[in-house]
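*Asks:* have a look; sequence and predicted model below, questions after that.
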Amino acid sequence: MDGFLTWTPELSVGIDILDGDHQGFFELAAVLHDAQQADPVERHMVALSAIGLLEEYVEGHFLREERAMEKAGYPGLARHRELHQAFREQVAATARSYKEGDTAAAESLAQLVVSWLSAHIANVDHDYMGTVKPSDVDASSLMLLVLAASEEEVDEE
């Protein structure tokens, strides 16, 4: 995949469900990146689909991870939530740019995902290793977590 960053075992947080989620982010970024080589119609359809999935993936994974940290009593949860929110906003802004006609935003989003996530996992997520245990992690499908995140958002309003 021409040097595009991928998930590596060094990024593992030691919890299969969370590692699987993290790998999924890299896979979505790779789809966005690889789509840039397709014809314009296919590129646009794939990009829109991948962006939609990415936005939902962000919500589901972040909820899973934050719930696990809360259950484990992880002291860095508040800061972690702030970092997640900042990334969520970056993804939303870049996705909006793409949907408003900035076709280069799809590649920017792919790069953002791999660079942010690589640094976040290595420098932030690794801090909860040893505190968060597999039994703290909700094993529900990401789609159910996306729905739960939507419900929590409505409750907060």
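*Replies:* Happy to help now that I have it. Numbering: from 1, shown residues only.
*Asks:* centroid residue for this protein?
*Replies:* The centroid of the chain falls nearest to residue 58 when counting by CA atoms, centre = their mean (4.0 Å).
*Asks:* what is the mean pLDDT for the helix or strand hosting that one?
*Replies:* Per DSSP states H and E: residue 58 is located in helix 40-72. Across helix 40-72, pLDDT averages out at 92.
*Asks:* flag every buried residue along that helix.
*Replies:* Residues of helix 40-72 classed as buried: 43, 46-47, 50-51, 53-54, 56-69, 72 (neighbour count, 16 or more other CB atoms under 10 Å). Just so you know, the C-beta spots here come from the backbone N, C-alpha and C atoms, and that holds for glycine as well.
*Asks:* and the next element down the chain from that helix?
*Replies:* Under the assignment DSSP H and E, the closest C-terminal helix or strand after helix 40-72 is helix 77-99.
*Asks:* report the inter-axis angle for that next one versus helix 40-72.
*Replies:* Put simply, helix 77-99 runs at 170 degrees to helix 40-72, going by axes from the mean of the first three to the mean of the last three CA atoms, to 10 degrees.
*Asks:* which other helices and strands contact helix 77-99?
*Replies:* helix 40-72, helix 105-123 (3 or more CB pairs under 8 Å, 6 or more residues apart in numbering; DSSP states H and E).
*Asks:* just the C-alpha atoms of that helix, please, in PDB.
*Replies:* C-alpha atoms of helix 77-99 as PDB (Å, rounded to 0.1, in the frame of the first residue of the first chain):
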ATOM      1  CA  LEU A  77     -10.400   9.500  31.800                       C
ATOM      2  CA  ALA A  78     -11.300  13.200  31.700                       C
ATOM      3  CA  ARG A  79      -8.200  14.100  29.700                       C
ATOM      4  CA  HIS A  80      -8.800  11.100  27.400                       C
ATOM      5  CA  ARG A  81     -12.300  12.300  26.700                       C
ATOM      6  CA  GLU A  82     -11.000  15.800  25.800                       C
ATOM      7  CA  LEU A  83      -8.600  14.200  23.300                       C
ATOM      8  CA  HIS A  84     -11.300  12.100  21.800                       C
ATOM      9  CA  GLN A  85     -13.600  15.100  21.500                       C
ATOM     10  CA  ALA A  86     -10.900  17.100  19.700                       C
ATOM     11  CA  PHE A  87     -10.300  14.200  17.200                       C
ATOM     12  CA  ARG A  88     -14.100  13.800  16.800                       C
ATOM     13  CA  GLU A  89     -14.300  17.500  15.800                       C
ATOM     14  CA  GLN A  90     -11.300  17.200  13.400                       C
ATOM     15  CA  VAL A  91     -12.900  14.200  11.700                       C
ATOM     16  CA  ALA A  92     -16.300  16.000  11.400                       C
ATOM     17  CA  ALA A  93     -14.700  19.200  10.000                       C
ATOM     18  CA  THR A  94     -12.700  17.300   7.400                       C
ATOM     19  CA  ALA A  95     -15.700  15.100   6.500                       C
ATOM     20  CA  ARG A  96     -17.800  18.300   6.100                       C
ATOM     21  CA  SER A  97     -15.100  19.800   3.800                       C
ATOM     22  CA  TYR A  98     -15.200  16.700   1.600                       C
ATOM     23  CA  LYS A  99     -19.000  16.700   1.400                       C
END
